[in-house]
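Colleague: structure for this input, please:
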Amino acid sequence: MSITSIILSHYQERENNLKRIIDDLLAGTIKPEEIIVFIDNPAITFEDSRVTIIRSSKNFLPMIRFILGSMVTTDYCFFIDDDLSVKSETLENFVRYAKSIPDAILGLEGSILGTTQTPYSNDTPLKRGSKLQEVDIVIRTYWVPQHNVLVGFDMQNLYPNLPRKSLDDVYLCLGNKYLNDSLNYVIPVDEESDLVELPDGGVGQSLTEDHYKNRNEVCRKLMDIYAK
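Modeller: Numbering: from 1, shown residues only. Down below sits the predicted model:
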């Protein structure tokens, strides 16, 4: 089972996290075949000969990570936010569960959407823990079968008038659920397969003004269309 790890680097405040994330990925009991770092902020000067670095002069929305995933030849893509790192058995744990549920999108944290008009704000959040749980959306880390990485674009393109900002995980996971008729899971972790929280630099998608507004709007719309 082959893996590509993909990291987006947009916030200069988080640049110092990149080496730690790469070091930890390469120190695991299972290592990715390739690590790609996509940098779309010219103020970030990070270099590392162990990884593939792609630089862009244009600021892209985080959905760009799935375009990158569509270009690799590994079985799975492991997407991780740049304010997190892995422990020694994090990837091994994903591989273990992927063998039994190979077409699912997996994560370590997630959301079971609520039934109100604001289903994301009134969700049941799933923190990292010891339980295998089906969820609507996984967040912050995504273990995705390579053949499924573009399903978020399929969903997004069906509804061009809906918001797109702050919605990469929403379109990915609800696309997988509703268009693929497949499942999204939060998988259990232990001390050696958990994540490590890194400094977020006081910045992030969730801190923007329209983050929750957009997520509530899109989740409600897609649930109204597809959830029976």
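Colleague: secondary structure of Asn157: a strand, I assume?
Modeller: No. Asn157: not assigned to a strand; according to DSSP: H, G, I helix; E, B strand; the rest coil it is helix.
Colleague: neighbours of it, just the number please.
Modeller: Asn157 has 11 neighbours, counted by other Cβ atoms under 10 Å. Heads up, the C-betas are built off the backbone N, CA and C, glycines and all.
Colleague: before we move on, what about the one 5 residues further on?
Modeller: Neighbour count for Leu162, taken as other Cβ under 10 Å: 16.
Colleague: quick check: chain neighbours aside, which residue is closest to it?
Modeller: Val218 (5.3 Å; Cβ to Cβ, 6 or more residues apart in numbering).
Colleague: tell me the SS of the one you found?
Modeller: Classified using three-state DSSP, Val218 is helix.
Colleague: so who does His10 touch?
Modeller: With contact set as Cβ atoms under 8 Å, 6 or more residues apart in numbering, His10 has these partners: 39-41, 59, 82.
Colleague: how far away is Pro125 from Thr45?
Modeller: 36 Å (Cβ to Cβ, to the nearest Å).
Colleague: where do the helices sit along the protein?
Modeller: Residue ranges of the helices in the chain, as given by DSSP state H, are 17-26, 64-70, 90-100, 151-158, 168-178, 211-226.
Colleague: any low-confidence regions in this protein?
Modeller: 203-209, 228 (pLDDT under 70).
Colleague: let's see that with 80 instead.
Modeller: 201-209, 228 (pLDDT under 80).
Colleague: from Thr141, how far off is Asp83?
Modeller: 11 Å.
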